[in-house]
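S.K.: Quick one: sequence plus predicted model below, questions after.
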Amino acid sequence: MGKGIVPDSSPYNYSAARSTAFKEADVVLVLGARLNWILAFGLPPKWSATVKIIQVDVCADELGKNGGDAALSMLGDVGATVEGLLSHLGDWQWQGQSSAYLRSLEAAQSENREKAAKKATVRKSPMVFEQAFDIIKSTLDSLSNPADGDIVYVSEGANAMDISRSIFTMEHPRTRLDAGTYATMGVGLGYAVAAYAAYNFPTPEGAAGKPGRKKIVCIEGDSAFGFSGMEVETMARYQMGILIYVMNNNGLYRGDTDSAETHRERQRNTVVGTTTEGKGLTAWSLGYQTNYQKMAEMAGGIGLEARTPEELRDATEKGYLAQVPVVINVIINSQSDLPMVSTNPMSDGEMPTDVPSGFLVA
């Protein structure tokens, strides 16, 4: 939720080397976050066994939890505490720009960025997540300069959220919403409505980047979209120009097959109860290439389907310019050959941020 406070383009932002930063840090100042599962509880093996973690929190009960040390922590508002720290530091400047730690971070960041760039160049039919996101990002960047902060991204789902958060970089705070600490599914479209209201209603309350209207772009997994898809009607009723991508791989994390015939056979076997191992639909399977774009059409919005890079570019341009809700049904590779875990646990090998209850991510 704090993405953009330190812009992703900043030379001081090493989010692409997150695991290395955790593992090799000697001292950590935690601002605006808690030592929960997203930060691996501040404990080994993700963190060094000797790391000193300084927490700043308004809740006294949080200080000293997990890997924190209450004796090193500070009770107070983050903003006021940081102002006090800066005042106390005065003209002091850190002299570690050439340290081994920085060199290690730079090497890890470069390696991870190269891996991400390589994944984005993979060309398959149907498209894979990275390929589709690269096309969406490049098209949106051509329509709106990221430095202006005129797009607010909402993302929700398993791979849809985990992969997109490392591809769609943020240059301003308050321009990204996702499932957050509690990994809550079903919040995506509600968040999109709230973001539109905050930034685009007659007396907007939001502020990020330069003033003016903002485009709300919602990136949804097909399973995630199913939790609150009817909010598209709310968007249409209030003429909200929200652009929604449904990343359709026929399932939660992955689908069963890229073959319509095989899917129908598995479905028949499941319905009549003649399944044997590998012959029926799995518990994480969804309908085969469901026409999610029809949800927008029925409510008075625009529904589009994209199966190829060209179709995805065209649909993105149309959706960006539209003044009504647009649902783009992006047909992507089912990834049925992959194991039932998050296929990309974020860009730096960490746990994904929305593991549904009951699922194990190995």
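M.R.: Structure received.

S.K.: Doesn't residue 296 belong to a helix?
M.R.: Yes - the assignment for residue 296 is a helix, going by DSSP: H, G, I helix; E, B strand; the rest coil.

S.K.: Any idea what the nearest residue to it once chain neighbours are set aside is bridged to?
M.R.: Of all residues not flanking residue 296 in the chain, residue 327 sits nearest, at 3.9 Å (C-beta to C-beta, 6 or more residues apart in numbering). In this view, the C-beta of every residue, glycine as well, is placed from N, C-alpha and C. Applying DSSP bridges to residue 327 gives these bridge partners: residue 244, residue 303.

S.K.: If you count contacts, what does the worst-scoring helix or strand of the chain on mean pLDDT end up packed against?
M.R.: The weakest-scoring helix or strand in the chain, judged by mean pLDDT, DSSP states H and E, is helix 159-167 (a mean of 88). Using 3 or more C-beta pairs under 8 Å, 6 or more residues apart in numbering; DSSP states H and E, the elements in contact with helix 159-167 are helix 100-120, helix 129-143, strand 151-156, strand 215-221.

S.K.: Surely residue 38 forms part of a helix?
M.R.: Yes - Residue 38: assigned to a helix according to three-state DSSP.

S.K.: can you pull the pLDDT of it?
M.R.: Per-residue confidence at residue 38 stands at 85 (pLDDT).

S.K.: what about the nearest residue to residue 263 once chain neighbours are set aside, distance to residue 49?
M.R.: Leaving aside its chain neighbours, residue 263 sits nearest to residue 288 (4.1 Å; criterion: C-beta to C-beta, 6+ apart). Separation of residue 288 from residue 49 (C-beta to C-beta, to the nearest Å): 49 Å.

S.K.: likewise residue 143?
M.R.: 48 Å.

S.K.: out of those two, which sits in the more crowded spot?
M.R.: Higher neighbour count among residue 143 and residue 49: residue 143, with 13 against 8, using other C-beta atoms under 10 Å.

S.K.: That one contacts residue 317, doesn't it?
M.R.: Yes - Residue 143 lies in contact with residue 317 (C-beta atoms under 8 Å); the separation is 6.9 Å.

S.K.: beta partners for the nearest residue to residue 72 once chain neighbours are set aside?
M.R.: Nearest non-adjacent residue to residue 72, counting by C-beta to C-beta, 6+ apart: residue 54, 4.8 Å away. Applying DSSP bridges to residue 54 gives these bridge partners: residue 29.

S.K.: contacting residues for residue 54?
M.R.: The contact partners of residue 54, by C-beta atoms under 8 Å, 6 or more residues apart in numbering, come to 27-30, 69, 72-74.

S.K.: and if we set it to 6 Å?
M.R.: 29, 72-73 (C-beta atoms under 6 Å, 6 or more residues apart in numbering).

S.K.: just residue 218 next, same as before
M.R.: Contact analysis of residue 218 by C-beta under 6 Å, 6+ apart lists 154, 188, 192, 244.

S.K.: Could you single out the nearest of these to residue 19?
M.R.: Using C-beta to C-beta, residue 154 is the member of the contacts of residue 218 that lies nearest residue 19, at 26.0 Å.

S.K.: Can you get me a residue count around the closest one?
M.R.: Per other C-beta under 10 Å, the neighbour tally for residue 154 reads 27.

S.K.: Surely it touches residue 191?
M.R.: Yes - contact criterion C-beta atoms under 6 Å: residue 154 and residue 191 qualify, at 4.8 Å.

S.K.: shared neighbours, the two?
M.R.: By C-beta under 6 Å, 6+ apart, the residues touching both residue 154 and residue 191 are residue 177.

S.K.: three-state assignment of the residue lying closest to residue 39 once chain neighbours are set aside?
M.R.: Closest residue to residue 39 apart from its sequence neighbours, by C-beta to C-beta, 6+ apart: residue 33 at 6.2 Å. What three-state DSSP gives for residue 33 is coil.

S.K.: phi, psi of residue 33?
M.R.: Torsion angles at residue 33 (phi, psi; degrees, to the nearest 10) stand at phi -150, psi 170.

S.K.: State the distance from it to residue 139.
M.R.: Counting by C-beta to C-beta - residue 33 and residue 139 are separated by 32 Å.

S.K.: Same drill for the two, tell me which one is more crowded.
M.R.: residue 139 (18 against 15).

S.K.: Give me the local confidence score for the residue lying closest to the more buried one once chain neighbours are set aside.
M.R.: Once flanking residues are discounted, residue 139 sits nearest to residue 316: 4.3 Å by C-beta to C-beta, 6+ apart. According to the predicted model, the pLDDT of residue 316 comes to 98.

S.K.: Which helix or strand contains residue 316?
M.R.: helix 309-321 (DSSP states H and E).

S.K.: Relative to the whole chain's centre, how far out is that helix?
M.R.: Centroid separation between helix 309-321 and its chain, computed with C-alpha atoms, centre = their mean, to the nearest Å, is 21 Å.

S.K.: Pull out the buried residues from it.
M.R.: Neighbour counts over helix 309-321 (16 or more other C-beta atoms under 10 Å) mark 309, 311-313, 315-316, 319-320 as buried.

S.K.: repeat for stretch 158-171
M.R.: So stretch 158-171, judged by 16+ other C-beta under 10 Å, has buried residues 158-171.

S.K.: Dump those into JSON lines; add distance to residue 12 as well.
M.R.: Converted to JSON lines, these look like this (distance: C-beta to C-beta, whole Å):
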{"residue": "158", "distance to residue 12": "30"}
{"residue": "159", "distance to residue 12": "29"}
{"residue": "160", "distance to residue 12": "29"}
{"residue": "161", "distance to residue 12": "25"}
{"residue": "162", "distance to residue 12": "24"}
{"residue": "163", "distance to residue 12": "24"}
{"residue": "164", "distance to residue 12": "23"}
{"residue": "165", "distance to residue 12": "19"}
{"residue": "166", "distance to residue 12": "18"}
{"residue": "167", "distance to residue 12": "21"}
{"residue": "168", "distance to residue 12": "20"}
{"residue": "169", "distance to residue 12": "14"}
{"residue": "170", "distance to residue 12": "14"}
{"residue": "171", "distance to residue 12": "14"}
